[in-house]
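Visitor: Here you go, sequence then predicted model.
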2 protein chains.
Amino acid sequence: MKEPTLNPESGFLRLRVDLSYDGTNFAGWAKQPDQRTLQAEIEKALAVLTQSQLATIVAGRTDAGVHAEHQVIHVDIPEKIDISNFAFRLNQLLDEDIRIKSVVYAPANFHARFTASARTYRYKIIDGARITPPLDRHDSAEWFRELDIDLMNQASSLVLGEHDFFAFCKFREGGTTIRNLLQFEWVRDEKGYAVATIKAESFRYNMVRNLVGAAVCVGEKRFEPEWMEKTLKDKVRIPDSYVFPAKGLSLIKVDYPSESEYLTRYNYYMSSTASEEPES
Amino acid sequence: MKEPTLNPESGFLRLRVDLSYDGTNFAGWAKQPDQRTLQAEIEKALAVLTQSQLATIVAGRTDAGVHAEHQVIHVDIPEKIDISNFAFRLNQLLDEDIRIKSVVYAPANFHARFTASARTYRYKIIDGARITPPLDRHDSAEWFRELDIDLMNQASSLVLGEHDFFAFCKFREGGTTIRNLLQFEWVRDEKGYAVATIKAESFRYNMVRNLVGAAVCVGEKRFEPEWMEKTLKDKVRIPDSYVFPAKGLSLIKVDYPSESEYLTRYNYYMSSTASEEPES
């Protein structure tokens, strides 16, 4: 199997594929033996259409049970392949919990992962001992106590910007835990659920679900909002029991700079250790 | 098994149970041999908690694949049964695609079906060849062409009020097809989906999905809005191919009059032939 490079090898063309999935019945993005994963399902469908074994590169490697309203991948395909109606033909092969939204030839220097400038996630919580409507059970987590959104926003705003997020990252060998948190905001949606929007250039493994768990500790008044900042500064990892479940989490957007910035962005990634770690 | 009457038999007390379900994996409300149905699942759970075989009566007998954000049933249970935490205990026994929202003792003369004054349904369509986001696939139907909401509202308004809805009712033996349509309105929701709210005192079998299919014929400009009124008046049944799929349909509300009106409402039902037919 070919590992993609910054630009496709001779004889190949790079496709940008935008897609959406319900992560409920997947063991996450990355291929694993004997598991139903998003990567495996998509590469299987690509193999049928191209008669080649091709490797996909993904913008945000989502964990088991995490959803994507909007995910981006790239794949280099032999240039002889006809890509007309490619999204439609992929969707015919895929189960309906994965849907390809679009397939286009990628501009030069486009790399789904290493030219992405930001990832945005949503986390949805049904709080206050409410009964979860069955149709909402797949993409929301439950919390028994009522949450105070204002306190959560106070706490969340205290960790915005570039910091060492060690306290909110599950331990993994290698790589820096310094990240630039661009947005972390809570609202009540039209159903009254507590919904966070969380955006960063990139995330460490479990970082979003750790930040959500910490904000909930403040929202239920176990700790003052300042505890969030203190935890960040003290670099003492929060307990695993604070980590919120995967099913409430959805990748909702991947941002890319303008085409002329792709190479700069790629080199920035390559020079930073951010490239060493899965993002969610 | 005891068949409930207007008021519970001596030694029994009537419960009003409000609930919600994802109809995807149910063969509809009503019990059927060797099928997973809502009624069977709920009566099984009630049997565990009460040690009795009890029959439930439902406000809106939803078809296979139809959902309920808000459904109401009643059941008469032996008066010695302790109903504290009854909703919680039922939810522990039920799968998570059914959730009991509340359980209370019903007021005198309450009958889930025959004192209900109106049922409101929602129908959700993802139109214009858009790809259905996988998390929305369970409760929306797809339509390839773009729909004109204004035309659909014009058409829908022409069939409001009390009429013989024969043209929009699947043939069933017995019962009148006269119904009083109280609301039939289309909006674009926050995701841009075409969403109908359809309210009547009661509905005939398949009537909502027939009305939706007819409105879509107008929305895609196959027919003028006036065709809807003409079809109603001509009483020529529309083709089955116009009937929209179950999965886009959800019962969202059941209305009851004030307690003092229950008996009047019950007698009104009993005197009309509306009582002879399933409602959705």
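Guide: Arrived safely.
Visitor: can you tell me if stretch A:238-248 touches chain B.
Guide: No: figure legend: stretch A:238-248 not in contact with chain B (Cβ under 8 Å from any Cβ of the partner chain); closest approach 10.6 Å. Heads up, the C-betas are built off the backbone N, CA and C, glycines and all.
Visitor: For that stretch, which outside residues touch it?
Guide: The contact list for stretch A:238-248 (Cβ atoms under 8 Å, 6 or more residues apart in numbering or on different chains) reads A:23-24, A:63-67, A:123-125, A:137-141, A:167-168, A:170, A:206, A:209-210, A:212-214, A:216-217, A:231.
Visitor: Contact residues of the stretch 1-150 of chain A facing chain B?
Guide: A:20-22, A:67, A:69, A:87, A:91, A:96-101, A:131-135, A:137-139.
Visitor: Derive a ChimeraX selection command for the buried subset of those.
Guide: A single ChimeraX command selects the buried members of the residues of the stretch 1-150 of chain A next to chain B (16 or more other Cβ atoms under 10 Å in any protein chain shown):
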select /A:20,21,22,67,69,87,91,97,98,99,100,101,131,132,133,134,135,137,138,139
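Visitor: Inside strands: which ones of the residues of the stretch 1-150 of chain A next to chain B?
Guide: If you go by DSSP state E, these have A:20-21, A:67, A:69, A:98-101 in strands.
Visitor: from these, which two are the most distant?
Guide: Spanning the widest gap among these are A:His67 and A:Ile100, at 15.5 Å by Cβ to Cβ.
Visitor: So for A:Ser102, what's the nearest residue that isn't a sequence neighbour?
Guide: Nearest residue to A:Ser102 in three dimensions, chain neighbours excluded: A:Asp18, at 4.8 Å (Cβ to Cβ, 6 or more residues apart in numbering or on different chains).
Visitor: dump the residue contacts of the one you found.
Guide: By Cβ under 8 Å, 6+ apart, the neighbours of A:Asp18 are A:70-72, A:100-103.
Visitor: Helices along the stretch 51-200 of chain A, start to end?
Guide: A:86-93, A:149-157 (DSSP state H, counting those that start in this stretch).
Visitor: for the shortest one, which positions count as buried?
Guide: Spelled out, that is helix A:86-93. Buried residues in helix A:86-93 (16+ other Cβ under 10 Å): A:86-87, A:89-91, A:93.
Visitor: got it, and the last one?
Guide: For helix A:149-157, the neighbour count (16+ other Cβ under 10 Å) marks A:149, A:151-157 as buried.
Visitor: Among the residues you listed, which one lies nearest to B:Arg145?
Guide: A:Ile149 (40.7 Å).
Visitor: residue contacts, the residue lying closest to the closest one once chain neighbours are set aside?
Guide: Leaving out its chain neighbours, the residue that sits closest to A:Ile149 by Cβ to Cβ, 6+ apart is A:Trp186, at 4.9 Å. Applying Cβ under 8 Å, 6+ apart, we find A:Trp186 in contact with A:149, A:152-153, A:156, A:194-196, A:215, A:219.
Visitor: Output the below-cut-off pLDDT ranges for the stretch 51-200 of chain A.
Guide: For the stretch 51-200 of chain A, applying pLDDT under 70 flags no range at all.
Visitor: quick one: A:Asn210 and A:Cys169 touch, right?
Guide: Yes: counting by Cβ atoms under 8 Å, A:Asn210 touches A:Cys169, with 6.9 Å between them.
Visitor: A:Leu6 is in contact with A:Asn109, isn't it?
Guide: Yes: between A:Leu6 and A:Asn109 there is a contact under Cβ under 8 Å: 6.4 Å.
Visitor: shared neighbours of those two, anything?
Guide: Common neighbours of A:Leu6 and A:Asn109 (criterion: Cβ under 8 Å, 6+ apart): A:Tyr266.
Visitor: Buried residues in the strand or helix carrying A:Leu232, which are they?
Guide: Per DSSP states H and E, A:Leu232 falls inside helix A:226-234. The neighbour-count check on helix A:226-234 (16+ other Cβ under 10 Å) flags A:227-228, A:231-232 as buried.
Visitor: Tell me what angle that helix forms with helix A:149-157.
Guide: Interaxial angle, helix A:226-234 versus helix A:149-157 (axes from the mean of the first three to the mean of the last three Cα atoms, to 10 degrees): 20 degrees.
Visitor: And the contacts of stretch A:238-248, which of them are buried?
Guide: For the contacts of stretch A:238-248, buried by 16+ other Cβ under 10 Å: A:23-24, A:63-67, A:123-125, A:137-141, A:167-168, A:206, A:209-210, A:212-214, A:216-217, A:231.
Visitor: A:Ala118: neighbouring residues, count only.
Guide: If you count neighbours by other Cβ atoms under 10 Å in any protein chain shown, A:Ala118 ends up with 17.
Visitor: dump the residue contacts of the residue lying closest to it once chain neighbours are set aside.
Guide: Nearest residue to A:Ala118, sequence neighbours excluded (Cβ to Cβ, 6+ apart): A:Asp255, at 4.2 Å. Residues in contact with A:Asp255 (Cβ under 8 Å, 6+ apart) are A:116-120.
Visitor: gap between A:Asp255 and B:Phe86?
Guide: Plainly put, A:Asp255 is 49 Å away from B:Phe86 if you go by Cβ to Cβ, to the nearest Å.
Visitor: and the residue in the stretch 101-250 of chain A positioned nearest to chain B, what does it touch?
Guide: Here the stretch 101-250 of chain A gets closest to chain B at one residue, A:Pro134, 3.8 Å apart by Cβ to the nearest Cβ. Listed by Cβ under 8 Å, 6+ apart, the contact partners of A:Pro134 are B:20-22, B:67, B:96-99.
Visitor: Quick one: name the residues of the stretch 151-280 of chain A near chain B.
Guide: Those residues of the stretch 151-280 of chain A that sit near chain B, judged by Cβ under 8 Å from any Cβ, are A:190, A:250.
Visitor: Which parts of the stretch 151-280 of chain A are strands?
Guide: Remark: strands assigned in the stretch 151-280 of chain A by DSSP state E, counting those that start in this stretch are A:161-164, A:178-188, A:194-200, A:249-255.
Visitor: Name all residues that make contact with the residue of chain A most remote from its centre.
Guide: Distance to the chain centre peaks in chain A at A:Lys80, reaching 32.2 Å (criterion: Cα atoms, centre = their mean). Counting by Cβ under 8 Å, 6+ apart, A:Lys80 makes contact with nothing.
Visitor: ok, now how distant is it from chain B?
Guide: A:Lys80 sits 27 Å away from chain B, going by Cβ to the nearest Cβ, to the nearest Å.
Visitor: With A:Tyr262 as the reference, measure out to A:Thr37.
Guide: According to Cβ to Cβ, A:Thr37 stands 28 Å off from A:Tyr262.
Visitor: can you list the domain ranges for chain A.
Guide: Listed by automatic domain parsing, the domain ranges of chain A are A:12-113, A:118-252.
Visitor: Turn those into JSON lines, columns for distance to B:Thr176.
Guide: JSON lines is the format used below for these (distance: least, Cβ to Cβ, whole Å):
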{"stretch": "domain A:12-113", "distance to B:Thr176": "40"}
{"stretch": "domain A:118-252", "distance to B:Thr176": "33"}
